[in-house]
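Undergrad: predicted model and sequence below, questions to follow.
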Amino acid sequence: MKKAVSRVYLTLIYIFLYAPILLLVVFSFNDTDTKSRTVWSGFSLRWYEMLFQDRMLLEALKNTLIIAVCAALGATVLGTVAAIGINSMKGWRKKLVMNITNLPMLNPEIVTGVSLMLLMVFVAGLFGISLGMGSIILAHITFCLPYVILSVLPKLGQMDPHLYEAAQDLGCTPLRSFFKVVMPEIMSGVITGMVMAFTLSLDDFIISYFCSGTTQTLPVYIYSMTKKRVSPEINALSTLLFAVILILLLIINIRQGRMGKKEEKEADV
Amino acid sequence: MKRLRRAVLLLACVLAACFPSPAFAQEEETVPLTGEKIYVYNWGEYIADGKDGSLDINTEFTRRTGIEVDYSTFDTNESLYSKLVSGGASYDVIIPSDYMVSKMINEGMLEKLDFSNIPNYQYIDEQYRNLSYDPTNEYSVPYTWGLVGIFYNKQYVTETVDSWDILWDEKYAGKILMFDNPRDAFGIAQKKLGLSFNSTDEDEWIQAAVQLKEQKPLVQAYVMDQIFNKMESGEAWLAPYYAGDAALLVEENENIGFAIPTKQGTNFFVDAMCIPKGCRNKSGAEAYINFLCDPEIAAANMEYIGYSTPESAAKELLPEEVVNNPIYYPPQEIIDNSEVFIDLPEETALQLDSLWAEVKMGGPGDSMTLVLTLAGFLALYLAVVIYKKVKRNREC
Amino acid sequence: MKAKAVSAPYLVWMAIFIIVPMLLVAYFAFTDSNGAFTLDNLARVGQYSNVFLRSIWLGALSTAISLLVGYPVAYIISHSSLKRQSVLIMLVMLPMWMNFLLRTYAWMTLLEDSGLINNLLAAVGLPRLHMINTQGAVVVGMVYDYIPFMILPLYSVMSKLDPSVVEAAQDLGADGKRVFLRVTLPLSMPGVISGITMVFVPSVSTFIISKMLGGGGNLMIGDLIDMQFLGSAYNPNLGSAISLVLMVLILICMGIMNEFDDGEAQGGGMML
């Protein structure tokens, strides 16, 4: 009885979570014009065709990917180095740095966006340049940094600090001992941080909206789409994005599953 | 029928490009400029983009000149202004409306145009040159003009629509849309009251704000281009908007009608192409403006977007039903009875901003409430801290 | 010694991209358009007290609903088999990966007067409901967009809960209700607190959801800030002042939440 109730409840919640997405997907195949977005009138792929002819959209997609890659790499490198530095700090210094690091995470996104915009516009004004790709990348690195730091720090904490010293005693240069000893220890945290930064940057709208200047990222473009005469193109776009995410997650899960099994097997051996 | 016409027009353009007439041959020479790019910032739904068999203006421009167009859209004059000033964006071509052009000229935000690069300016009719917003016509080239009127759903609104008062009619509560920008929204209230758009009298603005606040409970939403969807789906029945959009709304939906409240008067606007200071490719921008002034291109563009062209040469290329349609080309007396927006002095503009925020949030607030709210939260915080301290002390 | 020096680039970055921007906001909030010191902007924020109250109210409402709806979800998930847990929690996270503008747009087509829900109601002969462009629609949108932020921290706390603690309470004669009230609930308090913060902060400062689902007539703080910077009323000084007040408000709220966090964890510990 209790189990049945919880099962029904969970089903209802998942319906709530997925109904709107399902709706978008179904109506992306609808053969209608913009007039009746919620009346079904036959199957068609024409919104997908239109989507791939939309030059600005493809441009926005390209921008988004470039920005996400740059932001993820930048935030990962800077964040990993920062985490090592922070890890060696102690007392009030560490506390202070950590509090400031957390600020972009705690602050409302719109305030972060606005404050970064003020800075970028000020600097851009000095050099007489426009905001664009560069300012978005800088802003994205900034808001991704705390996530990288927070995923690397615990790994550093778990590491034996003497390992690094031992490597140096055995004649490694500091840089070499870092890559040979420290990196492998914290790699999983670095990767988690990088993936997180990548997806955060990919999905970000509010901060990009304020710092975008003339560059359009995909979310910014979607926003301008919702302000115009909305065509079912937007449904087709949602469907494609959702499908891509679903496939990516499935691949990751299957791989993890396999690796898990492999490890189990190895453990058995 | 309409599609066919568009197709013919499109074909004419393509043919003209394939068999270059002297005018086009000149542009063919500029093709090697490939690699250049211009950034264009225009209103949404304000250019022919290849949909419904229209000519894709931007692609055509790239094809002829080799200059790539990075095209993005805004939805109000005010947000265009903000984006330029506080968003730190440098565009090469922008298309603001009359009053915004004069504001930008006054604030030194626009570049003077080099008209020797815009030979097609010759096609702009005399009556659209040297207008009050740019009296010496150094900064802008008119793109379109038009009037503001009311779109209505004939199924539900059966009475004759000839007055702004219908937007205050309780019969249609919840089915009325309203402009989501202060000048247009206040403009309607001002014409309803018989006032001028450009008054500097504080009381007159307050009167208009009172009207808008009265109207607010009846308004379904404050929107701009979203009216297309909401009117087409029958979600809303009444919406004031720009006459040009009748091309998409009225002609493709038999249920939707359009009327201009001529007796009370309406807004006559001109949207003009300008180059903002800080542009990155001025010659490219001028080539773009020149291209849009080409009568054939202008005709293909206007045919799709539906707004009225300031070029007689382009008008001649448009189909007769369009030219004779009073929605797009109204008789002179209607234009004479309408008013243009003029840039407001700073004080009035500030008053307008706060009145507009007041309308949208429903009545003015007062500092006391806000201070008390914050103080309340602070008190709660302190209470928790003190309570915990006391508790801890007792436990120790 | 060396390791400390390594953090230098980050410290510089932090100063430029976190601290300076915040100072700029403060600077703009306390100056007029000519750069002279003024308190006018802060005084003018008072005009918008309605907007603040509405945002706090709607934010609190959607946080409360998310908590009430999300808590049982996290509870049920954390009590199912391990294999199912990972699938179920993945299903909660999946919608989050889709752009929130698109998700909100989907709700628009659902809630409209001529939208899907109303068409369904009409089809079964029920009267149509007016839902879009109301505060209710805004709350639904916020709950939908942010409920995963409530479920995830709750789940992560509950899944780490030692089942033997519950068993011990049961052995000592506590019935289901008592076990829940005296053991499970206090122990899941850290999850509740972080869930509340993670839902309240974005919903109080949202600016797209209220525009898309609230019809532009239900202005919220986020809309107000957007209006001053990139919207119809260009006034970055006022916008900065509003941002500053919003920041203070959120800091206080977070302070309260933090206090509760420690307190309850201790209380829970003592009860054991």
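TA: Looks like it arrived, so ask away. Numbering: from 1, shown residues only, chains lettered A, B, ... in the order given.
Undergrad: my read: B:Pro261 touches B:Leu167, true?
TA: No. B:Pro261 lies out of contact with B:Leu167 (C-beta atoms under 8 Å); the separation is 9.6 Å. Backbone N, C-alpha and C define where each C-beta goes, glycine included.
Undergrad: which of these two has more neighbours?
TA: With neighbours defined as other C-beta atoms under 10 Å in any protein chain shown, B:Pro261 and B:Leu167 compare such that B:Leu167 has more, 24 against 21.
Undergrad: Three-state assignment for B:Phe160, please.
TA: Slight slip there: residue B:160 is Thr, not Phe. Here B:Thr160 is coil, with the state taken from DSSP: H, G, I helix; E, B strand; the rest coil.
Undergrad: scratch that, C:Pro95
TA: Applying three-state DSSP: C:Pro95 is helix.
Undergrad: what is the burial count for it?
TA: Count around C:Pro95 with other C-beta under 10 Å applied: 22.
Undergrad: who's in contact with it?
TA: A:17-18, A:21, C:103, C:148 (C-beta atoms under 8 Å, 6 or more residues apart in numbering or on different chains).
Undergrad: at 10 Å what do you get?
TA: Neighbour list for C:Pro95: A:14, A:16-18, A:20-21, A:242, A:245, C:103, C:106, C:144-145, C:147-148 [criterion: C-beta atoms under 10 Å, 6 or more residues apart in numbering or on different chains].
Undergrad: just these: which has the poorest pLDDT?
TA: Scanning these for pLDDT, the low point is A:Ile245. It has 81.
Undergrad: quick one: that one from chain B, how far?
TA: Using C-beta to the nearest C-beta, to the nearest Å, we find A:Ile245 at a distance of 26 Å from chain B.
Undergrad: skip the chain neighbours and tell me the closest residue to that residue.
TA: Once flanking residues are discounted, A:Ile245 sits nearest to C:Trp97: 4.5 Å by C-beta to C-beta, 6 or more residues apart in numbering or on different chains.
Undergrad: neighbours of the one you found, how many?
TA: 17.
Undergrad: where's the closest residue to C:Val183 other than its chain neighbours relative to chain B, distance?
TA: Of all residues not flanking C:Val183 in the chain, C:Ala169 sits nearest, at 4.9 Å (C-beta to C-beta, 6+ apart). C:Ala169 is 23 Å from chain B, where distance means C-beta to the nearest C-beta.
Undergrad: A:Leu24 now?
TA: As judged by C-beta to the nearest C-beta, A:Leu24 and chain B stand 15 Å apart.
Undergrad: repeat for C:Glu167
TA: Plainly put, C:Glu167 is 28 Å away from chain B if you go by C-beta to the nearest C-beta.
Undergrad: how many residues are close by that residue?
TA: Using other C-beta under 10 Å, C:Glu167 has 11 other residues around it.
Undergrad: just the pLDDT for it.
TA: 87.
Undergrad: what residues sit buried inside stretch C:8-17?
TA: Under the neighbour-count criterion of 16 or more other C-beta atoms under 10 Å in any protein chain shown, stretch C:8-17 has C:10, C:13-14, C:17 buried.
Undergrad: and the residue of chain C nearest chain A?
TA: At 2.1 Å from chain A, C:Ser7 is the closest residue in chain C, using C-beta to the nearest C-beta.
Undergrad: spatially nearest residue to that residue (excluding sequence neighbours)?
TA: In space, and not counting its chain neighbours, C:Ser7 is closest to A:Gly85: 2.1 Å by C-beta to C-beta, 6+ apart.
Undergrad: any idea which element that neighbour lies in?
TA: Taking DSSP states H and E as the definition, A:Gly85 sits inside helix A:55-88.
Undergrad: next one: A:Leu175 relative to chain C, how far apart?
TA: Taking C-beta to the nearest C-beta as the measure, A:Leu175 falls 11 Å from chain C.
Undergrad: neighbours of that residue, how many?
TA: By the measure other C-beta under 10 Å, the count of residues near A:Leu175 is 8.
Undergrad: ok, now A:Thr101?
TA: Other residues within reach of A:Thr101, judged by other C-beta under 10 Å, total 21.
Undergrad: give the other helices and strands that the host helix or strand of A:Glu165 contacts.
TA: Using DSSP H and E, A:Glu165 maps to helix A:161-169. Helices and strands touching helix A:161-169, by 3 or more C-beta pairs under 10 Å, 6 or more residues apart in numbering or on different chains; DSSP states H and E, are helix A:55-88, helix A:174-177, helix C:2-6.
Undergrad: could you look up the next helix or strand downstream of the shortest one?
TA: Using DSSP H and E, the helix or strand that follows helix A:174-177 in sequence is helix A:183-203.
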